[in-house]
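Peer 1: Any chance you can model this:
(chains A and B)
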Amino acid sequence: GAVVSQHPSRVICKSGTSVKIECRSLDFQATTMFWYRQFPKQSLMLMATSNEGSKATYEQGVEKDKFLINHASLTLSTLTVTSAHPEDSSFYICSATRGGDYGYTFGSGTRLTVV
Amino acid sequence: QKEVEQNSGPLSVPEGAIASLNCTYSDRGSQSFFWYRQYSGKSPELIMSIYSNGDKEDGRFTAQLNKASQYVSLLIRDSQPSDSATYLCADFGNEKLTFGTGTRLTIIP
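Peer 2: I've put the predicted structure just below:
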């Protein structure tokens, strides 16, 4: 149990365009979903926390108008990178939890390359 | 700002030996800690969680927590080449995980 599906796994887009990444909890209802970004040889940096039906909470230094997060249901959260630039190229990973002691399950990640 | 620190490595260990990975954390109020394994280009996989002082064993893995010293460790017995990966320590607090920078482990056949 506790499977999180994330897609696309890889995406290449042109500078200035927007990209949407989906994160779905397949066999449980996720009260909270998290979005991370990981640059090469660095650790995961939390970008934002989203709870179903409410606005996401962004970490300091993360532009909420650039990284749009929608958590419309208990099984789906989306991250849209708007007006992407080459410096946004990174590995984006979502995770989801049911809360309490259930722990956190990670999606498989999305490798974004902006050219 | 909460910090979780790990030696980035690389740490090289012969096959069959014990690999020891260490982590320190800054938030004395932290209660839960996690070890994740991450292969290159993949997302993290949970190895173990630990909440209480002392040791917790799961197969070849043993997690150790010392809250007084703010120290968490992971021991891997009988190391295998497939254990070669980056190991991330994470501290849970304020409803979110804070990750260390990870230690790259290489098991030498």
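
Peer 1: and the nearest residue to A:Cys23 once chain neighbours are set aside, how many neighbours does it have?
Peer 2: Using Cβ to Cβ, 6 or more residues apart in numbering or on different chains and skipping residues adjacent in sequence, the residue nearest A:Cys23 is A:Cys94, 3.5 Å away. Every C-beta, even on glycine, is put in place using the N, C-alpha and C of the backbone. Neighbourhood size, A:Cys94 [other Cβ atoms under 10 Å in any protein chain shown]: 30.

Peer 1: Work out for me the element A:Cys94 sits within.
Peer 2: Per DSSP states H and E, A:Cys94 falls inside strand A:90-97.

Peer 1: Please list the outside residues in contact with that strand.
Peer 2: Here strand A:90-97 makes contact (Cβ atoms under 8 Å, 6 or more residues apart in numbering or on different chains) with A:4, A:6, A:21, A:23, A:25, A:28, A:30-39, A:44, A:77, A:79, A:81, A:103-107, A:109-112, B:41, B:43-44, B:97.

Peer 1: Given the least confident helix or strand in chain B by mean pLDDT, what are its sheet partners and their directions?
Peer 2: Using mean pLDDT, DSSP states H and E, strand B:96-99 stands out as the lowest-scoring helix or strand of chain B, at a mean of 86. Looking at strand B:96-99 with DSSP bridges, its partner strands are strand B:85-93 (antiparallel).

Peer 1: Is the residue lying closest to B:Pro10 once chain neighbours are set aside in a helix, a strand, or coil?
Peer 2: Once flanking residues are discounted, B:Pro10 sits nearest to B:Arg104: 4.4 Å by Cβ to Cβ, 6+ apart. Under DSSP: H, G, I helix; E, B strand; the rest coil, the three-state class of B:Arg104 is strand.

Peer 1: Need the per-residue pLDDT for B:Arg104.
Peer 2: B:Arg104 carries a pLDDT value of 95.

Peer 1: can you list the residues of chain B near chain A?
Peer 2: Neighbours of chain A within chain B, by Cβ under 8 Å from any Cβ of the partner chain: B:34, B:41-46, B:49, B:88, B:95-102.

Peer 1: What residues does chain A have near chain B?
Peer 2: Neighbours of chain B within chain A, by Cβ under 8 Å from any Cβ: A:6, A:32, A:34, A:42-46, A:49, A:91, A:93, A:95, A:103-109, A:111.

Peer 1: Buried ones only from those, please, as a PyMOL command.
Peer 2: Here is the PyMOL selection string for the buried members of these, based on 16 or more other Cβ atoms under 10 Å in any protein chain shown:
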select buried, chain A and resi 6+32+34+43+44+45+46+49+91+93+95+103+104+105+106+107+109
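
Peer 1: now, which of the residues of chain A next to chain B lie within strands?
Peer 2: Judged by DSSP state E, the residues of chain A next to chain B include A:Gln6, A:Thr32, A:Phe34, A:Met45, A:Leu46, A:Thr49, A:Phe91, A:Ile93, A:Ser95, A:Thr105, A:Phe106, A:Arg111 as members of strands.
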